[in-house]
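Asker: Just to be clear, the model below is a prediction. Sequence and coordinates:
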Amino acid sequence: MKQLNQVARTAREAKGYTQKQVATMLGIALRSYQRFEYGERNLSIDKLFRLADILDVNVYELAGRDSKTA
C-alpha cells in the first residue's frame with residue numbers, strides 16, 4: 001500500500017498543482033507541505049480532509065485504501 005504522502009504527491013501532480021499552490025490552499029507554509037510530501041511530518045485530520053477536497057479524491061483514496069474495504 002502506498003504511503004499517504006506518495007498518494008498526495010501523485011494526485012497533486014495529476015491535477016497540475018505545485019506544492020506552493022496546495023500549501024496556499026491549505027493555509028500552511030510551503031515548507032510544511034513539502035515536509036508532509038517528503039514523509040517528514042503529518043497533517044492534521046482537518047487538513048487531510050481539505051487536501052482530499054483540493055485534489056478531488058476520496059479521503060480513503062488519499063490514505064491509499066479502498067473505500068469499500070475500509
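Answerer: Alright, I've got the coordinates.
Asker: Look up the pLDDT of Ala63 for me, please.
Answerer: Note for Ala63: predicted pLDDT of 79.
Asker: That one against Val7, yeah?
Answerer: Yes: if you go by C-beta atoms under 8 Å, Ala63 and Val7 touch, sitting 7.4 Å apart. All C-beta atoms are positioned from the backbone trio N, CA, C, and that covers glycine.
Asker: In stretch 29-42, which residues are buried?
Answerer: Tyr33, Arg35, Phe36, Glu37 (16 or more other C-beta atoms under 10 Å).
Asker: which stretch of helix or strand covers the first one?
Answerer: Right, Tyr33. Using DSSP states H and E, Tyr33 maps to helix 30-37.
Asker: Who are the packing partners of that helix?
Answerer: Contacts defined by 3 or more C-beta pairs under 8 Å, 6 or more residues apart in numbering; DSSP states H and E place helix 30-37 against helix 4-15, helix 19-26.
Asker: nearest to Ile45, of these?
Answerer: helix 4-15 (11.8 Å; C-beta to C-beta).
Asker: Any chance you could list what contacts the next helix or strand after the helix holding Tyr33?
Answerer: Downstream of helix 30-37, the next assigned helix or strand under DSSP H and E is helix 45-55. Residues from elsewhere that reach helix 45-55 (C-beta atoms under 8 Å, 6 or more residues apart in numbering): 4, 8, 11-12, 15, 17, 22, 25-26, 28, 43, 58-59, 61-62.
Asker: centre of the chain versus the helix holding Tyr33, how much separation?
Answerer: 10 Å (C-alpha atoms, centre = their mean, to the nearest Å).
Asker: tell me the mean pLDDT over that helix?
Answerer: 98.
Asker: Could you list every helix and strand that the helix or strand of the chain at the bottom of the mean pLDDT ranking packs against?
Answerer: Here the helix or strand of the chain ranked lowest by mean pLDDT, DSSP states H and E is helix 59-62, holding a mean of 86. On a contact count with 3+ C-beta pairs under 8 Å, 6+ apart, helix 59-62 meets helix 4-15, helix 45-55.
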